[in-house]
Each structure stands twice: as C-alpha cells, then as structure tokens.
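In: Give me the fold of what follows.
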Amino acid sequence: MGVIHKIGRRKTAVARVYVSEGTGVITVNKKEFATYFPTSTLQYKVMQPMSMTENATNYDVKVNVYGGGSTGQAEAVRMALARVMCEINAENRLILKPEGLLTRDPRMVERKKFGQKKARKKFQFSKR
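Out: Here you go, the predicted model:
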C-alpha cells in the first residue's frame, strides 16, 4: 500500500496526515494521540472516520497539525482522515459523505472593523 498523504482544514487549522498499514498507533505532532487531544469529545471527532469505516486498528497514522485551537485542529484531522479512508476504498465515500465528513466547513472568524469594538459589536454611545 505505501504511505497515503492527505490534507484537512478547518478555520485556520491545517492537518497533514500520513497513513500506512499497521496496528492502529496514532501520533499527533510527535506526541501520543490521547495526550495531544485530552478530552473524549476531541478523541471521538478524530477517530470518527476510522471507526465508521471499521479501520481503527488496521492503520498507523502520523499527523502534523498547526494553527487554530484544539477543536479546529481535531476537525481538520478528521477531514484529512476521511479523505484517506475514501482513497483506501471508494465504498467508504458512501458511508462518510452523508455524515458531512468530506465537506470543508467554510465558516471563518469575521474580521474586526475600524471604528468598532469587534466585528459586529460597537462602542457604547453615551449622551450626557
């Protein structure tokens, strides 16, 4: 099989995933998977494409992820893993597509405007 390389993005997070045949070991930025994503919610998000296609223990995964926060990074890894699962077996696409795991989430942070406190919030107006 060799090594399959895919990229996933979410907000400002970018995840590069390298998947090869193995025993199910996942390393994220040279750390163990459970230490990098400590909460069970983030771990579930990352493992979702592999558990849905029943490949959780068949492949070793090496991840480089940067930018954004922990949730954005976990969802970027999830997208990259979903793309890998589709390349491994085309039938996996029928499982992952209805769950929305192959769709890039376009929502980004709106920029701050000048003359305002934040993107939408205004400075308080006081009349004395």
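
In: List of residues touching the helix or strand hosting residue 77?
Out: Residue 77 belongs to helix 70-88 when elements are defined using DSSP states H and E. For helix 70-88, contacts defined as Cβ atoms under 8 Å, 6 or more residues apart in numbering pick out 1, 4, 6-17, 19, 28, 37, 42, 45-46, 48-50, 53, 55, 61, 63, 65, 67-68, 92-93, 96, 101-102, 104-105. C-beta coordinates here come from the backbone N, C-alpha and C atoms, glycine included.

In: mind redoing it with 6 Å?
Out: 4, 6-11, 13, 15, 17, 19, 37, 42, 45-46, 48-49, 53, 63, 65, 92-93, 96, 101-102 (Cβ atoms under 6 Å, 6 or more residues apart in numbering).

In: Can I get that helix in PDB? Just the C-alpha atoms.
Out: Once non-C-alpha atoms are left out, helix 70-88 reads as follows in PDB (Å, rounded to 0.1, in the frame of the first residue of the first chain):
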ATOM      1  CA  SER A  70      -7.800  22.300  19.700                       C
ATOM      2  CA  THR A  71     -11.400  21.900  18.300                       C
ATOM      3  CA  GLY A  72     -10.400  23.300  14.800                       C
ATOM      4  CA  GLN A  73      -7.300  21.000  14.800                       C
ATOM      5  CA  ALA A  74      -9.300  17.900  15.700                       C
ATOM      6  CA  GLU A  75     -11.800  18.700  12.900                       C
ATOM      7  CA  ALA A  76      -9.000  19.300  10.400                       C
ATOM      8  CA  VAL A  77      -7.500  15.900  11.300                       C
ATOM      9  CA  ARG A  78     -11.000  14.300  11.000                       C
ATOM     10  CA  MET A  79     -11.400  15.700   7.500                       C
ATOM     11  CA  ALA A  80      -7.900  14.500   6.400                       C
ATOM     12  CA  LEU A  81      -8.600  11.000   7.800                       C
ATOM     13  CA  ALA A  82     -11.900  10.900   6.000                       C
ATOM     14  CA  ARG A  83     -10.200  11.700   2.700                       C
ATOM     15  CA  VAL A  84      -7.700   9.000   3.300                       C
ATOM     16  CA  MET A  85     -10.400   6.400   4.000                       C
ATOM     17  CA  CYS A  86     -12.000   7.300   0.700                       C
ATOM     18  CA  GLU A  87      -8.700   6.800  -1.200                       C
ATOM     19  CA  ILE A  88      -8.200   3.400   0.500                       C
END
